[in-house]
Structures are given as structure tokens and as C-alpha cells.
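1. The sequence isn't on hand, but the structure is:
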């Protein structure tokens, strides 16, 4: 028996748990018990862009009206008919919000495997890789929550910073980040701040809601933090890049209108303000583009090799997590939860925008 948390693809507020019979295991398959998943505003982004970016396709529900929101977390092999994968092994990766999942491993190596299920073959491979915790150099049993909560988001942050630098920031001197208190945004700001004192440093400005200004200022990685109603204070003659983590159509339009031709580049990453999303049509200045992290990964694997990219990521992650875990002023407080009700209520709180930026929710589904 399996239990899956599903949402209405056209009304993200409508959710339910669906019980079903366990999927039979074919030769070469593995059954994974899902132990714990991290929930952040990133999961709301997955749901918001479920159709546009294929996130509903990873774990189909069998009902075109509903979807299963993916989450990063840990799972243990409960049954295996695959050589090289043993019952009891623990893996980290992209998982459904459910009690179990059946996968079809290919490219099984010491480091882990790729899910070769037919419905995932056309999806980007970065989401199909599962790391064996026993040999993952980044894994720490005591730090599972932090890794699940921040590692996937920080990878996106690293790649945004890298993409901007690789394009010489499109000639801009200032980088503006919306939803600046969100984890992916402040990860990006952290990477940008590491350039301080170097020739490619840029001024980093965060936009956030009034209630999150103090928290965001305290991170120390923004040169300036403005509330959304202070956006007009941005210098309208300074060439600027806008990285939109909020998805708010109103904020995007106001910023484009205010900066006009001074806006050199505008990209959309997330949708924390999921209920205020809108298209980029008819906006003054440059047309917004959607940032897709796997495309930058593909470019850098070509430039640096897979090992070179992983080493750069590991070095950046080590510096970032040291700041996150600052004993005097931590950037993250893990909020543990247990069971389906905890997952359901956390999802609802994220959707409503009532989770504080300091919180990171880590939900245990099975020991």
C-alpha cells in the first residue's frame, strides 16, 4: 500500500492523500521507502511551473487533473531486483511527496544511479540522479535536513551567479533580486557577494516584503535591501540586471517601467508569489527570459567537465553552509515535522506565504 499527496493542477489549494496498491516490482526495479523530504517555497515553484517546465511529469498520478509535487529528500531501498543496489541502502534525490516510489535504475555506479523509467527518459537528467549516501562526500547524517533544504536551491543559486558572470552581467553594474529573503535568492546573493573586492563585483540589491527586511539585511550578503514599496528608489540611470524569484507580475511591471532602457537583462527563476504570476508580454524594456538551471549545467560540464563543476560547487557550498550555520546569527532554523498531516499543513503554509524565511521544514514520513 502506498499513500501519495496530490494537488489539483489548476487550483493548488485543493489537495488530498490518495491511497493505492503497491506497484509490482519488475526485474531491474527497486522499491524505495521515502524517509524524509524538505519543503520550501521551491516546491511551490515546482507546482506553479508544473506544466511549463515538466515537473508534473516526474511522478505522474494517473489522473490528468492532479499532480504530485516533487521534493528533495531521502529514501531507503525496501525491495530490490536490481544488481548493485541492496535492500537497506539510503539514497538522496528528487522524490514524490509519497510514502514509497518504484524506480528502474540504470547506470548503476558506486556513487548512485539514474532512474531509467520510460516516462522520465525525456526529462532532464539532473533530476533523475540518485546519490548513494554511504559514499556521497557531501553527506552528513547529522546534516540531512540542511542538505535536503538548501543543496538543490544553492545549486541553482551558484548557476545563476555563474551565468551572469559568464555574460559579464550583460553590462550591468547592479543586480536586483526579488523575494530576497527566499533561500535561492539569498544563496545567489551570497555567491555574488564573494566577488567583493574583485574586478567583477557588482552591487547587489534585494527586494522583499516589509516584514522580511530586517532578516534580509542581517544576512550581510546584500549591499542594500528595499521593501517592494521602495522599489522607486532604485537609480533609474544605472544599468541593472533583474533576477525575479517572486514571479509577481505587478513587481516585474513596476521595475521594468521604472528602469526602462537601463534594464539590461531580466530573468525569471521562481514563483514565491505564485498567485500573482503573469506573462512578460507588453513590458517596457527587455523581454524577461526563464532561467533553466540544467541548461547552465550542460554548458559548464562541457567547459569544465562533470568533476570540475562538482568541485566548484562543493567549494562554494562549503563556504555557504558555514555562513548558514553561523552560531551567533544562523540563516536557517530546521523545523521538523512527522507524518502526512505535517506535510499537508506545511505545504498549505508555504502556499499561503506564512512560513518565515528563517524556517526550513523537514518532514519525516518513515524512519
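-> The structure has been received and is ready for your questions. Keep in mind it's a predicted model, so treat the numbers as computed, not measured. Numbering: from 1, shown residues only.

2. Could you list every helix and strand in contact with whatever helix or strand residue 320 lives in?
-> Using DSSP states H and E, residue 320 falls within helix 293-324. For helix 293-324, the packing partners by 3 or more Cβ pairs under 8 Å, 6 or more residues apart in numbering; DSSP states H and E come out as helix 144-166, helix 183-193. For the C-beta atoms, the positions are set from N, CA and C on the backbone; glycine is no exception.

3. what does the shortest one rub up against?
-> The contact list for helix 183-193 (Cβ atoms under 8 Å, 6 or more residues apart in numbering) reads 40-42, 149-150, 153-154, 156-158, 160-162, 164, 175, 177-180, 202, 204, 206, 216, 219-222, 243, 245, 269-270, 316, 319-320, 323, 331-332, 357, 360.

4. Likewise for stretch 297-317?
-> Residues from elsewhere that reach stretch 297-317, judged by Cβ under 8 Å, 6+ apart: 126, 137, 138, 151, 154, 155, 158, 159, 162, 166, 191, 194.

5. change it to 7 Å
-> Stretch 297-317 has contacts (Cβ atoms under 7 Å, 6 or more residues apart in numbering) with 126, 138, 151, 154, 155, 158, 159, 162, 191.

6. If any of those residues are buried, give me the ChimeraX selection for them.
-> In ChimeraX, this line selects whichever of the contacts of stretch 297-317 come out buried by 16 or more other Cβ atoms under 10 Å:
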select :138,151,154,155,158,159,162,191
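
7. Confidence-wise, which of the contacts of stretch 297-317 comes last?
-> Lowest pLDDT within the contacts of stretch 297-317 is found at residue 138 (72).

8. Contacts only, for it.
-> Residue 138 sits next to 147, 314, 317 when contact means Cβ under 7 Å, 6+ apart.

9. Look up how far residue 153 lies from the first one.
-> According to Cβ to Cβ, to the nearest Å, residue 147 stands 11 Å off from residue 153.

10. can you pull the buried residues of stretch 326-334?
-> By neighbour count on 16+ other Cβ under 10 Å, the buried set for stretch 326-334 is 331, 332, 334.

11. And it, end to end?
-> Separation of the first and last residues of stretch 326-334 by Cα to Cα, to the nearest Å is 14 Å.

12. Need the contact partners of it.
-> By Cβ under 7 Å, 6+ apart, the surrounding residues in contact with stretch 326-334 are 145, 146, 149, 150, 218, 219, 323, 324, 358, 359, 360, 362.

13. Give the buried subset of those as a ChimeraX selection command.
-> Filtering the contacts of stretch 326-334 down to the buried ones (16+ other Cβ under 10 Å) takes a single ChimeraX command:
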select :145,146,149,150,219,323,324,359,360,362
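
14. which two in the contacts of stretch 326-334 are spaced the farthest apart?
-> Using Cβ to Cβ, the pair of the contacts of stretch 326-334 lying farthest apart is 218 and 362, separated by 22.7 Å.

15. What ranges does the stretch 1-150 of the chain have for its strands?
-> All strands of the stretch 1-150 of the chain, identified by DSSP state E, counting those that start in this stretch, fall at 2-8, 11-20, 30-39, 66-67, 70-80, 90-96, 100-103, 105-109, 112-115, 129-132.

16. do you know which of the ones you listed lies nearest residue 237?
-> Taking these one by one with Cβ to Cβ, strand 11-20 is closest: 39.8 Å.

17. So which residues make contact with the closest one?
-> With contacts defined as Cβ under 7 Å, 6+ apart, strand 11-20 is touched by 1-8, 47, 340, 344, 347, 351.

18. Going through those residues, which ones are buried?
-> Buried members of these, scored by 16+ other Cβ under 10 Å, are 2, 4, 5, 6, 7, 47, 344, 347, 351.

19. Next one: the fourth one from residue 20, what distance?
-> The gap separating residue 6 from residue 20 is 11 Å, by Cβ to Cβ.

20. How about the first one?
-> Counting by Cβ to Cβ, the separation of residue 2 from residue 20 is 6 Å.

21. same question, the fifth one
-> As for residue 7, its distance to residue 20 is 16 Å (criterion: Cβ to Cβ).

22. What number of residues are in the vicinity of residue 137?
-> Other residues near residue 137 come to 9 when the count uses other Cβ atoms under 10 Å.

23. confidence score at the residue nearest to it when sequence neighbours are not counted?
-> Setting aside the residues directly before and after it, residue 137 is nearest to residue 314 in space (Cβ to Cβ, 6 or more residues apart in numbering), at 7.3 Å. For residue 314, the pLDDT comes out at 83.

24. Please parse the protein into its domains.
-> 2-139+332-364, 150-294 (automatic domain parsing).

25. List buried residues within the contacts of residue 138.
-> Buried by 16+ other Cβ under 10 Å: 147, 317, out of the contacts of residue 138.

26. and the contacts of residue 138 as CSV, adding distance to residue 299?
-> Formatted as CSV, the contacts of residue 138 follow (distance: Cβ to Cβ, whole Å):
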residue, distance to residue 299
147, 25
314, 19
317, 20
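
27. Which single one of the contacts of residue 138 is nearest to residue 258?
-> residue 317 (35.0 Å).

28. And that closest one, how close does it get to residue 142?
-> Counting by Cβ to Cβ, the gap from residue 317 to residue 142 is 16 Å.

29. Over to residue 159?
-> Going from residue 159 to residue 142 by Cβ to Cβ gives 27 Å.

30. returning to what we had before: can I get the strands of the stretch 1-150 of the chain in TSV including distance to residue 294 and mean pLDDT?
-> Below are those laid out as TSV (distance: least, Cβ to Cβ, whole Å; pLDDT from 0 to 100):
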stretch	distance to residue 294	mean pLDDT
strand 2-8	24	94
strand 11-20	24	94
strand 30-39	20	97
strand 66-67	20	96
strand 70-80	14	96
strand 90-96	12	95
strand 100-103	20	96
strand 105-109	17	93
strand 112-115	14	92
strand 129-132	11	91
